[in-house]
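**Q** The following comprises the amino acid sequence and a computationally predicted model.
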Amino acid sequence: MANAEEDFISTVRAGDRLFAAVSINHFASWWLVDTGASLCEFDLETAKNLRLKRSAKYRLILNSKNRGENFSFVETPDLLVGSVQCGPCVLLAHPLIHALSQAEAPARWPGEFERTGLLGMNLLLQKRALIVWSKHRIYLDPTKDQAPSPAAYEVEGYKAIPFNITTNRQIQIEGTLGSNRYQFCLDTGTARTMLDQSIVDQERLPSRLTNSVVMSPMKEFGDSKVSRVTATHFQLGDFDLSHCKILAASFHLSQSDRGRIWAGLIGADLLWEYDAVIDLGSNTLYLRSKAG
């Protein structure tokens, strides 16, 4: 719930992912904070049980993600994130509970941890969300006092990394890998930072094949063998990540329906490691080395 005195929304860590308490028509559950989701998404059966009306504001276009699965757009006039009213809101409804249940639950959580939705970019952008990763906090429509200046972040040891928002509401960050510049997608719904194998091969980065395969409960890409990679000369903006050991697989996730392939997904593991702050009001990612 939002803290009335501090006016922030508390989040819960489950594995490497963040969840926030969301309520629709007095039905409360946990939603994954997912900057990789263009829209907020909600479990279809739960939407039917809550009698949410079908929306005519969006037209569903079949693609590899939704082909063969039951999808529809629904509207809710009432949507609380913590105790902050964020409705009315359009949601993409499809079967989600099984997929979300495959992700880890919080350690030593007392009782059931019901997960029914994704807190997506349409709402996060509308509310200029400030996600303070290590403190488990989200500020919606933050005040100047709640959103420090770049200079204040610098005093705390952070480096500012600018990003762009694509036309389909994804966070695009420019970085360097090996000898070339690439575009990366900042996806808080992805637990592990992962490069596309084609980029690893192109840059001749040291890698070692593992016995693991990519497990994608949200079905964005098919299962693929995973390699461990030493990402030499890896930077996001001016922030050096060269010592990181990360993963790679052949997922070919495009920037848009007609766009180029992302060089990789920046996942939640890196955000924990470097005390990330995601400021959607200023299009800036802040990272700092904990040793620094």
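**A** Okay, I see it.
**Q** Name the SS class of R51, please.
**A** coil (DSSP: H, G, I helix; E, B strand; the rest coil).
**Q** What backbone torsions are found at the residue nearest the centre of the chain?
**A** The chain has T188 as the residue nearest its centroid, 2.3 Å off, counting by C-alpha atoms, centre = their mean. Backbone torsions for T188, taken as degrees, to the nearest 10, come to phi -70, psi -10.
**Q** ok, it - contacts?
**A** The contact partners of T188, by C-beta atoms under 8 Å, 6 or more residues apart in numbering, come to 17-18, 33-36, 131, 267-268, 271, 278. Where C-beta positions appear, they are placed from N, C-alpha and C, glycine not excepted.
**Q** switch the cut-off to 7 Å
**A** Shown in contact with T188 (C-beta atoms under 7 Å, 6 or more residues apart in numbering): 18, 33-36, 268, 271.
**Q** Same check on G120?
**A** Counting by C-beta under 7 Å, 6+ apart, G120 makes contact with 34, 37-41.
**Q** ok, those vs T210, which is closest?
**A** Among these, D34 lies closest to T210 (C-beta to C-beta), at 25.5 Å.
**Q** who touches stretch 190-200?
**A** Applying C-beta under 7 Å, 6+ apart, the external contacts of stretch 190-200 come out as 15-17, 36, 177, 182, 207, 227, 229, 246-252, 261-270.
**Q** Turn the buried ones among these into a named ChimeraX selection, would you?
**A** This is the ChimeraX syntax for the buried subset of the contacts of stretch 190-200, where burial follows 16 or more other C-beta atoms under 10 Å:
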select :16,17,36,177,182,207,227,229,246,247,248,249,250,251,262,263,264,265,266,267,268,269,270
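**Q** just checking, which of the contacts of stretch 190-200 belong to helices?
**A** Per DSSP state H, helices hold the following members of these: 268-270.
**Q** Relative to S242, how far out is the residue located most distally from the centre of the chain?
**A** In the chain, R204 marks the outermost C-alpha relative to the chain mean, sitting 28.4 Å out by C-alpha atoms, centre = their mean. Using C-beta to C-beta, to the nearest Å, one gets 15 Å for the distance from R204 to S242.
**Q** got a list of what L130 touches?
**A** By C-beta under 7 Å, 6+ apart, L130 lies in contact with 139, 142, 146-147, 279, 281.
**Q** ok, and the closest non-adjacent residue to it?
**A** Y139 (4.2 Å; C-beta to C-beta, 6 or more residues apart in numbering).
**Q** residues near that neighbour, how many?
**A** 22 (other C-beta atoms under 10 Å).
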